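>>> Just to be clear, the model below is a prediction. Sequence and coordinates:
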2 protein chains.
Amino acid sequence: MADLDHTHDPSVRSCVPGADGHPDFPIQNLPFGVFSPEGGGKRIGVAIGDHVLDLAAAQAAGLLTGEAARAVAAAGDGALNGLLALGAGPRRALRAQLFRLLRADGPDRDRVPPLLHAAASCTLHLPARIGDYTDFFVGIHHATNTGRQFRPDQPLLPNYKHVPVGYHGRASSIRPSGTPVRRPHGQAKPPHRDAPVFGPSRRLDYELELGVWIGPGNDLGAPVPVGEADAQIAGFCLLNDWSARDIQGWEYQPLGPFLAKSFATTISPWIVTPEALAPFRVPQAPRPEGDPAPLPYLLDPADQAGGALDLALEIRLSTASSRAAGLAPDVVARSNARHMYWTVAQMVAHHTSGGCNLRPGDLLGTGTLSGPDPESCGSLLETTNGGKAPIRLMSGEERRFLEDGDEVILTARGLRDGFAPIGFGPCRAVVLGAA
Amino acid sequence: MADLDHTHDPSVRSCVPGADGHPDFPIQNLPFGVFSPEGGGKRIGVAIGDHVLDLAAAQAAGLLTGEAARAVAAAGDGALNGLLALGAGPRRALRAQLFRLLRADGPDRDRVPPLLHAAASCTLHLPARIGDYTDFFVGIHHATNTGRQFRPDQPLLPNYKHVPVGYHGRASSIRPSGTPVRRPHGQAKPPHRDAPVFGPSRRLDYELELGVWIGPGNDLGAPVPVGEADAQIAGFCLLNDWSARDIQGWEYQPLGPFLAKSFATTISPWIVTPEALAPFRVPQAPRPEGDPAPLPYLLDPADQAGGALDLALEIRLSTASSRAAGLAPDVVARSNARHMYWTVAQMVAHHTSGGCNLRPGDLLGTGTLSGPDPESCGSLLETTNGGKAPIRLMSGEERRFLEDGDEVILTARGLRDGFAPIGFGPCRAVVLGAA
C-alpha cells in the first residue's frame, strides 16, 4: 500500500473534543472546504470532528509554514482552486502540518481552540469554482441494469468495455449538500400518448456517484498519460446526479442527457484528499475472462497497486411522513466505490487523450456506482426496475420514484482493519414540489 | 421591424479612416471584445473598421456617461461578463454613445485618435469567461443530412420537431479565432476492424454555427419564459464546432458526443450585439404543413416579428498547397442563419424550462447551419456524404475530411437593402498535425 505514513496512525488522538471516533472527520481525514461562520463571509477551512478549523486564521497565527502556508495563501479568496492547482506537494504538506497542529499531544494544541467554529453554526459552500463538470458512466452494474431495460439482449453497448464513456454535464447547477432540489418541468412522451407533454417530472430519481476534483490540470493539446493521472486528482466528494427519467427518455437521442440532469447536481462540500484515502486504495478487480484489454493509452500501471477505492456507500431516504412520524431514514441501497469498470486515472487519461484541457477545480463524476445485487442499486430506476417494482419503506409508503418532500442522503465511508474509519460527510437534499 | 434607430442609418459616416464601407465593422456595427495592444495587457474594446477603440481609455477621457459608463466599469477586468450581466439598457446606451463619438460629424471626433489601436497589431481574446457552453442542434437540414447517413428511412428522430435538442459542450477548450487546432488522437472503430484503434483522427471536420452570448442569466429554478428570452441574448459570434467523426461515431452511444468535440471549439472574438443585428431580423419561416405546433412553453411571440436572423454565412478552406501557390481560399459552402428550426429565444426558454440557470457569459451554439442544397452544407460530413464524394479544390486537391495545414474560415454578414452591410469578423483556424 503506497503512501501510508504517520497521518494514518489510528492511535493518534486529536485535541479537538469529539474528533476521536467521529464517523467522518477524525484527525486521520482532514478534508478541505469553504465555509461561512455565522454572519461571516466565505473562508477556507478543514473539517475536524464537529468543528471547522479556519485555515486563514491558522495562517495568520503563524501556525503554518513553507509549502503548507503557500497552499493556504494560494486559495485565498473563498475558493480552493488555487490550492488544488498546486498539486500534491503543498496539499500533503498542509495536511501533515494540520495533523501535527490538531494532535492531542501537539506542541501548539493550546492555540487551536480560537481557530475553531462549531460546524453546526457554519454554512458550507461549494469548495471550488467549477469550470467544467464531466460525468462518466463507469459503474458497469448500472450500465448493465439500465441498458437491460432498453435492450434486454444487449445491455452493454459495444463500446462500453473499450471506452470510458462520459459526457459533459452542467456546472452552473451544482450545489452543496443541503440545498433543496426543485422538481423540474420538462417534456416527456408517455408511452400511451402520441405527442409529448410538458409538466413536472413524474419519474424523478437520484444517482449515487463519487465526484473527483481535478488538481493542476493540463494544457490544451497536452494529454495526461495514464501513469501520471494520479497527480491530477486533488480529492473526492459524493455526488447525486439527480435525474428526471421521463425527460431523459424523450430528449436524449441523439446527443445525450441534457435537461434531465442539468436542473440540479448535489455534492458533499468537503474535498477528501487522496492522502486521507490512501488506506482504502485496493487493486482494481481483474477484468472478467473474455473482456478486451484496455488499449495501451488506458493501461493503468496503478491498477494492481491500488487503482480502486474500497469505500462503503449508502443511500438513505426519508419522506415527509417518515420524518413526521419520527422514523429514521430508510436505507434503500448499500454499495461500494469498487464497482467501477474504469479507474479514475483511466478517466483522466481518456478525458485528455484528444488534447482536452482540464483546469484546477474541474469536477468529474464517476457515474452511478451500483453493485451487482438489487439491494445495491444506485438509482431508483434500477431498484424499482423502471418503476415497475416499488420499494416499501418503514413508514408503510411505497416509492417507484421520488415524491415531493423526500430527502435523499448519500454517505461514503472508508473502513479497514487497523485504520481509523473516515467518511465524506453527508450529501443530502430534499425534493421540493415543482414551481 | 423593431428597434431600428439612428444607429442603423447607413448614411452616417465615421471619423475613423477606413471604417466606412468596411466589410465587417462600419460604424453601424460596433461589436464588443477583449484585446491586448502590442505588448500590453487585456483591455475591453470595440471594433471600428480596421481599428480597436479602447473602452477604458474612452471612459478615462470622460467620453462616456451614465449607463454607458456603468457598462464599461462593470466589465473592468479584461472580460465582458460584467457588461453582459447588465442587460440591454446599458449595452444600448454604450453603443449609442460610441456611435455618437465615432461619427464623422461628432462633437468629440478629435478626441478619438488617441483611443485607437490598429487591429492588426492587437491580439484578440475570448470576450468573456465562459461558465458553461451548450450546443444545440437546430439546423434542420444538418440534422436531416447527418441522420440520413445512419437512418435512411427516418433521418429525423421522433423528438426533433418537439424538442430543441441540445447537449452540454466543453467550455475549457474554446479558443478565439486564429488559435491553431491540433488534430486529436482518439478511439475509433473502423468498419473493417473487429476492435477499436487509438490514433490521430482521420475524419476531422468543421461545423458552421452561430454562437449566442448570454446576458443577465436566471436563478436556478426560475425558468425564462420564451417571451422574455430575448432579454437574455447579449450578442452573437461565429462558432466552429470542430468534430472528429471517427471518434464521434464510436463514442457517442449512449451519452452523446464527448471527446469528438471537446478538443477545440473556435469562435470569432467580437460580440455582435442584437442592436447591430436588428436590421437583419426576419420572421421565422412557418413550419412546414403537417409539422407539430411547438408546445406552449416554446411558442415564441417574436416568431413572426423577427425570430430569425438573415445572415449570409460562408465557409472557406485554404490548404498548405493552395497558400503556397498564392491561391485564394476556396468557398466550400454558402448558407444562411435562417436555417434554424428553432429560434434562439426558444433555445433559451427550453434550456431554462426545467430550472437550469444560465449565467452571464455562458455560450450557446446553434448547431450546424446547413442549407437545403449540397452547396450549403455546414460540415464536410454532409458535403462529401460521409467522405464518399470528395470535393475538388482550385488547387486540384481533393478533400473528404480536413488535412493537416488546412485552414477553415467562417464568415457571417448581414446584407439588406437600405442598410449598411455588417459582418462578424472571421472565425478561422489552421489544423496542426497530431502531436
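Arrived safely, thanks for sending.
>>> Name the residue of the stretch 101-250 of chain A with the shortest distance to chain B.
The stretch 101-250 of chain A approaches chain B most closely through A:Pro184 (3.4 Å), counting by Cβ to the nearest Cβ. Every residue, glycine included, has its C-beta placed from N, CA and C.
>>> how about stretch A:237-257, does it get close to chain B?
Yes - against chain B, stretch A:237-257 shows contacts by Cβ under 8 Å from any Cβ of the partner chain at A:244, A:247, A:250-257.
>>> The closest residue in space to the residue of the stretch 101-250 of chain A closest to chain B that isn't next to it in sequence is in what secondary structure piece?
Of all residues not flanking A:Pro184 in the chain, B:Gly354 sits nearest, at 3.4 Å (Cβ to Cβ, 6 or more residues apart in numbering or on different chains). Assigned by DSSP states H and E, B:Gly354 belongs to no helix or strand.
>>> Give me the pLDDT value at B:Gly354.
Per-residue confidence at B:Gly354 stands at 98 (pLDDT).
>>> Can you list the helices and strands that the helix or strand of chain A with the lowest mean pLDDT packs against?
Sorting the helices and strands of chain A by mean pLDDT, DSSP states H and E puts helix A:303-306 at the bottom, at a mean of 78. Judged by 3 or more Cβ pairs under 8 Å, 6 or more residues apart in numbering or on different chains; DSSP states H and E, helix A:303-306 is in contact with strand A:281-282.
>>> who does the strand it packs on pair up with?
Strand pairing for strand A:281-282, using DSSP bridges, gives strand A:308-309 (antiparallel).
>>> rewinding a little: B:His162: which of the residues of stretch A:237-257 next to chain B is nearest?
Comparing the residues of stretch A:237-257 next to chain B against B:His162 with Cβ to Cβ places A:Trp250 closest, at 8.0 Å.
>>> Please identify the helix or strand for the closest one.
Short version, using DSSP H and E: A:Trp250 is in helix A:245-251.
>>> so what does that helix touch, helix or strand wise?
strand A:185-188, helix A:259-262.
>>> just to revisit the earlier point, list the buried residues of the least confident helix or strand of chain A.
Buried residues in helix A:303-306, counted by 16 or more other Cβ atoms under 10 Å in any protein chain shown: A:303, A:306.
>>> what do you get for stretch A:54-63?
Residues of stretch A:54-63 classed as buried by neighbour count (16+ other Cβ under 10 Å): A:54-56, A:58-59, A:63.
>>> among those, which are in reach of chain B?
Checking these against chain B (Cβ under 8 Å from any Cβ), there are no matches.
>>> Might you list the low-confidence residue ranges for the stretch 1-150 of chain A?
A:1-2 (pLDDT under 70).
>>> and it, which residues reach chain B?
Residues of the stretch 1-150 of chain A lying near chain B (Cβ under 8 Å from any Cβ): A:131-132, A:134-135, A:137, A:147.
>>> What is the burial count for the residue in the stretch 151-300 of chain A that chain B sits nearest to?
Nearest residue of the stretch 151-300 of chain A to chain B (Cβ to the nearest Cβ) works out as A:Gly256 at 2.3 Å. Neighbour count of A:Gly256, defined by other Cβ atoms under 10 Å in any protein chain shown: 27.
>>> Surely A:Leu369 and A:Arg334 touch.
No - if you go by Cβ atoms under 8 Å, A:Leu369 and A:Arg334 don't touch, sitting 11.1 Å apart.
>>> Just want to know which of those two has more residues nearby.
Between A:Leu369 and A:Arg334, A:Leu369 has the larger neighbour count (other Cβ under 10 Å), namely 28 against 16.
>>> Shouldn't the more buried one be within a helix?
No - residue state for A:Leu369 (DSSP: H, G, I helix; E, B strand; the rest coil) corresponds to coil; a helix is not indicated.
>>> now it, nearest residue through space, not along the chain?
The spatial neighbour of A:Leu369 that comes closest, neighbours along the chain excluded (Cβ to Cβ, 6+ apart), is A:Gly139 at 4.6 Å.
>>> Going by secondary structure, A:His350 is in what exactly?
A:His350 is part of helix A:344-352, with elements assigned from DSSP H and E.
>>> Packing partners of that helix?
Against helix A:344-352 (3+ Cβ pairs under 8 Å, 6+ apart) you get strand A:166-168, strand A:208-214, strand A:233-240, strand A:363-365.
>>> and the ones you listed as TSV, adding mean pLDDT?
Below are the helices and strands packed on helix A:344-352 laid out as TSV (pLDDT from 0 to 100):
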stretch	mean pLDDT
strand A:166-168	97
strand A:208-214	98
strand A:233-240	98
strand A:363-365	98
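>>> for those, which one sits closest to B:Lys161?
Per Cβ to Cβ, nearest to B:Lys161 of the helices and strands packed on helix A:344-352: strand A:166-168, 23.8 Å.
>>> Tell me the first helix or strand C-terminal of the closest one.
Counting by DSSP H and E, what follows strand A:166-168 is strand A:174-176.
>>> how close does A:Gly405 get to A:Pro180?
A:Gly405 is 10 Å from A:Pro180, where distance means Cβ to Cβ, to the nearest Å.
>>> got the contact list for the closest residue to A:Gly49 other than its chain neighbours?
Nearest residue to A:Gly49, sequence neighbours excluded (Cβ to Cβ, 6+ apart): A:Ala19, at 3.2 Å. Taking Cβ atoms under 8 Å, 6 or more residues apart in numbering or on different chains, we find A:Ala19 in contact with A:25-27, A:48-51, A:102.
>>> sec struct for A:Ala19, please.
Secondary structure, three-state DSSP: A:Ala19 is coil.
>>> Identify the spatial nearest neighbour of A:Arg413, chain neighbours not counted.
Nearest to A:Arg413 is A:Gly423, by Cβ to Cβ, 6+ apart, at 4.4 Å.
>>> Would you agree the one you found is in contact with A:Phe25?
Yes - counting by Cβ under 8 Å, A:Phe25 is a contact partner of A:Gly423 at 7.3 Å.
>>> picking that back up, more neighbours: A:Gly405 and A:Pro180, which one.
Set side by side, A:Gly405 and A:Pro180 show more neighbours around A:Gly405, with 16 against 13, by other Cβ under 10 Å.
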